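Q: structure of the sequence below:
(chains A and B)
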Number of protein chains: 2
Amino acid sequence: MYPKPIKEFIDNFSKLPGIGPRQAARLAFWILNGEKKVRDNLKKALEGLEHDIDICSVCFFTMEHSRHGEDKCHFCDNPARDHKMICVTEKETDLATIEKSGNYKGLYHVLGGLFSALDTAIPKNLKMPELINRIESKKNGGKKIEEVILALSSTHEGDLTAHYLERLLKPLKVKITRLGRGLPYGADVEFADAKTLSGALDGRKETK
Amino acid sequence: MYPKPIKEFIDNFSKLPGIGPRQAARLAFWILNGEKKVRDNLKKALEGLEHDIDICSVCFFTMEHSRHGEDKCHFCDNPARDHKMICVTEKETDLATIEKSGNYKGLYHVLGGLFSALDTAIPKNLKMPELINRIESKKNGGKKIEEVILALSSTHEGDLTAHYLERLLKPLKVKITRLGRGLPYGADVEFADAKTLSGALDGRKETK
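A: Presented below is the predicted three-dimensional model:
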């Protein structure tokens, strides 16, 4: 139906997460009917991902390539951050959400994924050996890691991965914490599900 | 927070329709953590839109550039289609939906937009003069156009544009029709809104 270049655009863009063939078709015609500058900027943005990004050798977050000579990102390289804490996240966008919440001033560690209940072995791409290494080697500016916060999603996969990490890190004598469970901000008790409520009861706090 | 190339990716991709900054960030890291082939294919797909697409000089649908020498798409150029009917659509993806429904064998005309109630003048980019020209000049393989179907959305903008087109085409002594209004397939009368129901009543058919 569509000409070949449009079909190829739809095929490739509908492979992206959250984009289906219908939205890909809309994107194709929107871009096609738009200005040349828009197309150029999109191409440049893709090239930027390819050539201008490095991965931090310590926490595996991204950093700009132009900071050459350095292999640490602006978190790991920043003496103003608390180098005694590591917050472990599944992915880069989780890290961004935590950072934007504004209350955390320690370091990060991007795991790069979670286990699935279907996995028969621990996925090799997860940066777990590197996390152990960080805690053992005191690589973080010579300071000992005192706390590791497992900031993983409160899903089955998140729980599975957190349990495994807890057992893995226990011998290293480091304090391991997880994000609190409870009612999200603005939530109505009446409509809370059972798991959320039992988490909120377990995590109840004495009033001051 | 994010390195500059990621920020630029987010800025540019969140301008696309239906993609917000959060999804753009997810896309950035998905593409970044994926294979090089994926990035190459996305770039190629954008270049394909730029270099390999022409617009049909008759109906303004897209066609592949490689069919050089020809300026008609595979609808307008196909003698097996009914050259006495033109189906007018707002945009290319509407045309695709109608074509996929499989029941229409005539020609098309991509208008390129609709009026908005806020417009003080008829938008200049709409291919209305070209539609009139097609009907008047009998350009379609020498055959006279007998029917123009206004296949515009049943929204305020669609109605406004259809009314304008009706008045515009009336002097040309051509049959003008609009898509039927009524209950969509699978709909429950109980939950139908008033406008849909009154459309369905107006468009009622005698049983055979």
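Q: how far does the host helix or strand of residue A:109 sit from the chain's center?
A: Applying DSSP states H and E as the criterion places residue A:109 in strand A:106-110. Centroid separation for strand A:106-110 versus its chain: 10 Å, with CA atoms, centre = their mean, to the nearest Å.
Q: okay, residue A:1 and chain B: tell me how far apart.
A: Going from residue A:1 to chain B by CB to the nearest CB, to the nearest Å gives 6 Å. (C-beta placed from N, C-alpha, C; glycine too.)
Q: re the thing from before, direction included, what does the strand holding residue A:109 pair against?
A: Partners of strand A:106-110 in the sheet, by DSSP bridges, are strand A:82-89 (parallel).
Q: tell me what angle the next helix or strand after the strand it pairs with forms with strand A:82-89.
A: The element immediately downstream of strand A:82-89 (helix or strand, assigned by DSSP H and E) is helix A:92-101. Helix A:92-101 and strand A:82-89 are oriented at 130 degrees to each other (axes from the mean of the first three to the mean of the last three CA atoms, to 10 degrees).
Q: quick one: helix A:92-101 near chain B?
A: Yes: applying CB under 8 Å from any CB of the partner chain, one finds helix A:92-101 in contact with chain B at A:92, A:93, A:96, A:99, A:100.
Q: ok, residues contacting that helix?
A: A:61-62, A:87, A:89, A:104, A:108, A:110, A:151, A:153, B:1-2, B:22, B:25-26, B:29 (CB atoms under 8 Å, 6 or more residues apart in numbering or on different chains).
Q: switch the cut-off to 10 Å
A: A:55, A:59-62, A:75, A:87-89, A:104-105, A:108-112, A:149, A:151-153, A:179, B:1-2, B:6, B:22-23, B:25-26, B:28-30, B:32-33 (CB atoms under 10 Å, 6 or more residues apart in numbering or on different chains).
Q: next one: stretch A:116-136
A: Stretch A:116-136 is contacted by residues A:57-60, A:76, A:86, A:88, A:90, A:107, A:109-115, A:139-140, A:144-146, A:148, A:156-157, A:160-161, A:164-165, A:168-169, A:171-174, B:33 when judged by CB under 10 Å, 6+ apart.
Q: please save the CA atoms from the worst-scoring helix or strand of chain A on mean pLDDT in CSV.
A: One helix or strand of chain A scores below all others by mean pLDDT, DSSP states H and E: helix A:194-202, with a mean of 83. Only the C-alpha atoms of helix A:194-202 are listed here, as CSV (Å, rounded to 0.1, in the frame of the first residue of the first chain):
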residue,chain,number,x,y,z
ALA,A,194,-4.0,-5.3,49.0
LYS,A,195,-0.3,-5.5,48.3
THR,A,196,0.1,-1.7,48.5
LEU,A,197,-1.8,-1.6,51.8
SER,A,198,0.1,-4.5,53.4
GLY,A,199,3.3,-2.7,52.3
ALA,A,200,2.0,0.5,53.9
LEU,A,201,1.1,-1.3,57.1
ASP,A,202,4.5,-2.9,57.3
